[in-house]
Every structure is written in C-alpha cells, then in structure tokens.
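S.K.: One predicted model, sequence on top.
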Number of protein chains: 2
Amino acid sequence: MDHPTGAYSIFFTSLANPNRLQIINVLRQGRKNVTQLCKATGFEQTMISHNLKRLERCGMVMAEQKGKFRYYSLNKETIKPLMSLIDSHMKEYCCKILEEEKRGA
Amino acid sequence: MDHPTGAYSIFFTSLANPNRLQIINVLRQGRKNVTQLCKATGFEQTMISHNLKRLERCGMVMAEQKGKFRYYSLNKETIKPLMSLIDSHMKEYCCKILEEEKRGA
DNA sequence: TCCATACATGACACAAATATCATATGATAT
DNA sequence: ATATCATATGATATTTGTGTCATGTATGGA
C-alpha cells in the first residue's frame, strides 16, 4: 500500500452502500440510462444520479451521452475480478455474515 | 452478484476507513499484538480493539492468543490481491482522486 | 490472593454519509 | 419559443459510522 489510505478509503466507501451495489448489479446486465436504472431498481431518479456521480468519480462506471439519454456502463475490468475475489473470500471466511444476511438480520 | 448486497456492503464498509486501512498496512509486515499495533500507529488501544473486531468479523484478520497477548495477522489470501487489484484500477481510472490526495485535498 | 498488564465491551457524543426535496440544466419535438 | 422529457445539482434532515470514555474480563507474576 504505497498510496495514502485516504484514496483507498474513498474507493471502498463508494462500494460500501447497498443501493450503489444494487445499481452496479443492474449495470452488470449491460449499459443503461438513468430512467432504465430507476425502473430496474425502484429508486428515485435523484438518488440514482447522485450515486452514479460518485461511482463515476471512482472510475467504477463510465457515462456516454446519446441524445437526451445518458448511458452508464460498468467498468468490467475492475468490477468483475473484484466481485469474484470477494465472493470467494466470503465463501471461505465470512460464513457468519452471509448467514445473518440470509436470515435477514 | 448472487449474494445480498448487504453482505458486500458490510465487507466494503470495513475497508472504507483510513484508520482501519492503516492497521491493515501495519499488519502487512507480519502479525502483531494490540500493544504493538498501538505503538506502530499511535492510535488508542480501545480504538484498535474495536476496529480489529470489525476486521475480524469480515475475515480480514485472524486472532491468536499467546499467553497475555493476542496476536492479529492479516488474511493475505484476500488482502494482497485485493489491494493490487485496486492499485491498478486507481492508476488507470482514478487519477483525479490520487492527485487530490497528494495535494492534500 | 492481590496487583499489574493486556485486551475487550458498552454507551454515548460527535462526525460523516445518505436519501430526499426543491430546483436547475440540457436536449428534443412541436 | 416553449413545453416536455431526461438528468444533474444544492441544501438539508436524518440515518449511520466513529472515536473516546468508563468499565469489564482474562492472564500471569509477586
């Protein structure tokens, strides 16, 4: 870890939120504009935009303007290996957390 | 992402804090007990313990009792690839954040 | 047994993050 | 031009996270 911890902190904080993770999850299917993300998640438009901005700042998503619409796509280079890394970590070391989650704790 | 987003959220939140990241950073040198961590970081004992508990819950660190002392060691299986993944992500996509950090923004 | 050391836990005040509300901007069509 | 749809931005109340203080528990030595 040769960078200041603050940079990491910003990065992780962006992923440390269930709503943002859900947005990310929807974007895994492919790029979507804001309205589509609203429908897919059930979240409000302003909330989506705020959160997308944050994800964009960290390079997790990229935006592309198409007429009236603004399409967001996932940075799969990072997200995919990151998520599978954490998946396998959780399976091995975080049984408790996963069980709590499943029970709805 | 086949797990509930809450589990990921707990995981990332644990890494989304400069003090915890600093603890992790010290543990990279090798296992340490609480007192050693206090000296190395300059943090208070209670704070260290609280944060270690949190990291332990997520499987980021493991504890081992040795007489009066309790040694914590890093789960390198996860931390090492995780950090290098994020390092390369940052270098490629987060130039802005890193510059802000260096300027002390 | 008593004391000191090492560490953990609980409660709470403070700080940061978040969603929401109101509003602004930007694009297209009429 | 202006009305409408799509999205962004700013301010703020509320929720969540954090460090600290006070205190508790465990271990080992005198």
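M.R.: Alright, I've got the coordinates. Numbers count the residues shown, from 1 in each chain, chains lettered A, B, ... in the order given.

S.K.: Off-centre distance for stretch A:35-52?
M.R.: Per Cα atoms, centre = their mean, to the nearest Å, the displacement of stretch A:35-52 from the mean C-alpha position of its chain is 12 Å.

S.K.: for stretch A:74-91, same thing?
M.R.: With Cα atoms, centre = their mean as the basis, stretch A:74-91 stands 11 Å off its chain's centre.

S.K.: Let me have it in CSV, keeping just the CA atoms, if that works.
M.R.: Below are the C-alpha coordinates for stretch A:74-91, written out as CSV (Å, rounded to 0.1, in the frame of the first residue of the first chain):
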residue,chain,number,x,y,z
LEU,A,74,-19.8,-0.7,-15.7
ASN,A,75,-16.1,-0.8,-15.7
LYS,A,76,-16.0,-4.5,-16.0
GLU,A,77,-12.2,-4.6,-16.0
THR,A,78,-12.3,-3.8,-12.3
ILE,A,79,-15.7,-4.8,-11.1
LYS,A,80,-15.7,-8.4,-12.4
PRO,A,81,-12.4,-9.5,-10.8
LEU,A,82,-13.2,-7.5,-7.7
MET,A,83,-16.5,-9.2,-7.1
SER,A,84,-15.3,-12.7,-7.8
LEU,A,85,-12.4,-12.0,-5.4
ILE,A,86,-14.8,-11.0,-2.7
ASP,A,87,-17.2,-13.8,-3.5
SER,A,88,-14.5,-16.4,-2.9
HIS,A,89,-13.3,-14.6,0.2
MET,A,90,-16.8,-14.5,1.7
LYS,A,91,-17.4,-18.2,1.0
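
S.K.: Check the gap between residue A:51 and chain B for me.
M.R.: 13 Å (Cβ to the nearest Cβ, to the nearest Å). Yep, even glycine has a C-beta here, placed from its N, CA and C like the rest.

S.K.: What strand or helix carries that residue?
M.R.: Secondary structure assignment for residue A:51, by DSSP states H and E: helix A:45-57.

S.K.: Is any residue of that helix near DNA strand C?
M.R.: Yes. Using Cβ under 7 Å from any atom of the strand, helix A:45-57 comes into contact with DNA strand C via A:46, A:47, A:50, A:51, A:54.
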